[in-house]
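# predicted model and sequence follow; I will ask about them next.
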Amino acid sequence: MSNNLFLNALNNIAQPTPPIWFMRQAGRYHHHYREYKKKYSFEELCKDPELSSDIACGPVKEFDFDVAILFSDILFILEGLGLSLKFDPGPIFSDYLTSKNMNKFQDIDKAINHLEFQKKAIHLTKNKIQSNKSLIGFVGGPFTLLQFAIGKKNKVILNQNSFEIDFLKHTLIPLLKKNIQLQLEAGAELIMIFDSGLSKMDPNDFDNLYLDLLKNISESFQNKIGYYAKGLSNSSFNSLINLNFAGFGCDKNINLQTLLSNKNHGFIQGNFDEDKMLLNTNELKEELSIYCENLLKMDMNQRSGWICGLGHGIKKDTPEENVHLFIKTIREFFI
């Protein structure tokens with residue numbers, strides 16, 4: 001079970017039509033999700049594998065996305081470490097990680113056992129989706145998770161002597177690797193790392209400290225991990241793409257054509273502006289035409305590895321008809 005367009009993109013094989021999937025494609029904009037939300041809490045939808053798999057399959061059936069995504073949340077890994085978490089409606093922690101309490105939140109085995117529901121959800125989703133669709137999993141980026149763990153109002157200090165670096169190296173990175181392995185063993189074809197808080201990181205810290213941590217992850221899973229970065233400068237992104245990830249997602253501020261031209265392996269995903277998905281039909285058609293025509297200036301070989309998606313997750317107010325329009329337009333332009 002796999003989607004040929006998706007497999008070709010992962011393997012950097014030239015093809016006229018790109019595969020399509022959106023971050024948060026199973027979520028609040030979609031009536032399928034909203035109907036479930038009337039009966040169940042967000043936590044129940046994520047942690048009950050039967051419900052989670054139903055939610056993941058909904059948008060694939062409705063919009064004909066090429067890829068289904070595990071329905072879960074990046075923060076359950078922190079809950080597994082003992083940071084009490086609830087959603088009301090956004091995430092709320094009753095305690096935060098500090099240098100004084102860090103030892104309370106280091107039980108990696110306990111945390112990975114807590115995430116067994118993800119493994120079951122992947123199994124069920126894989127059995128439910130059509131045989132010509134692919135299935136991927138995801139985890140949160142180390143910096144993004146660390147920011148949530150210490151509290152989003154607090155500044156993460158990254159230096160060789162900070163407790164944050166110690167927590168990353170000895171707890172969070174090893175746990176993320178176990179979480180990735182859990183999802184791969186369950187049947188996910190690729191795991192995406194979503195690191196969406198990087199605008200808060202000093203570029204020097206990114207280049208001098210953080211890249212080595214990402215390298216540790218990327219080299220542990222050859223061609224099985226994609227990395228999405230939001231908020232990076234172009235120079236930092238250029239450093240990032242030299243790492244041995246299977247491919248990269250980019251936000252709306254990174255030039256997609258330049259990335260496709262300069263990549264040396266793997267896929268590039270993105271980066272249609274998610275805000276434009278809120279436009280009326282005629283305006284969206286115009287923006288999509290510009291987007292497609294720019295990419296059509298590249299030949300098929302130059303576009304190899306392209307996975308079509310948004311710069312970030314789809315917004316809750318996005319009209320469903322705009323999702324249909326997006327997918328229809330991409331497939332009409334690129335045939």
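Nice, thanks for sending it over.
# could I get the contacting residues of the residue nearest to the spatial centre of the chain?
Nearest to the mean C-alpha position of the chain, counting by Cα atoms, centre = their mean, stands Phe194 at 4.1 Å. Residues in contact with Phe194 (Cβ atoms under 8 Å, 6 or more residues apart in numbering) are 23, 74, 138-141, 144, 228. For the C-beta atoms, the positions are set from N, CA and C on the backbone; glycine is no exception.
# just the ones in strands from those residues, please.
138-140, 228 (DSSP state E).
# turn those residues into a markdown table, including distance to Gly270 and neighbour count.
Listed next are the ones in strands among the contacts of Phe194 as a markdown table, based on distance: Cβ to Cβ, whole Å; neighbours: other Cβ atoms under 10 Å:
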| residue | distance to Gly270 | neighbour count |
| --- | --- | --- |
| Phe138 | 15 | 23 |
| Val139 | 19 | 28 |
| Gly140 | 18 | 24 |
| Tyr228 | 8 | 23 |
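# which one of those residues is nearest to Thr318?
Tyr228 (18.7 Å; Cβ to Cβ).
# just checking, that closest one touches Gly247?
No. The pair Tyr228 / Gly247 is not scored as a contact, 9.6 Å apart, by Cβ atoms under 8 Å.
# give me the common contacts of these two.
The contact lists of Tyr228 and Gly247 share Gln269, where a contact means Cβ under 8 Å, 6+ apart.
# contacts for stretch 245-252 next, please.
Contact partners of stretch 245-252, identified using Cβ under 8 Å, 6+ apart, comprise 9-10, 23, 190, 192, 218, 223-232, 237, 240-241, 256, 259, 263, 266-275, 305, 307, 309-312.
# the same query, at a cut-off of 6 Å, please.
Contacts to stretch 245-252, defined as Cβ atoms under 6 Å, 6 or more residues apart in numbering, come from residues 218, 223, 225-228, 230, 241, 266-271, 273, 311-312.
# these in strands, which ones?
Filtering the contacts of stretch 245-252 for strands - DSSP E - leaves 225-228, 267-269.
# now these as TSV including distance to Phe326 and pLDDT?
Listed next are these as TSV, based on distance: Cβ to Cβ, whole Å; pLDDT from 0 to 100:
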residue	distance to Phe326	pLDDT
Ile225	26	97
Gly226	21	97
Tyr227	24	96
Tyr228	19	95
Phe267	19	95
Ile268	18	95
Gln269	14	94
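# which two from those end up farthest apart in space?
Ile225 and Ile268 (14.6 Å).
# from the contacts of Phe194, which is closest to Lys285?
Met23 (22.7 Å).
# tell me the contacts of the closest one?
Applying Cβ under 6 Å, 6+ apart, the residues contacting Met23 are Gly313.
# what does it show for phi and psi?
Phi and psi for Met23, reported as degrees, to the nearest 10, are phi -60, psi 140.
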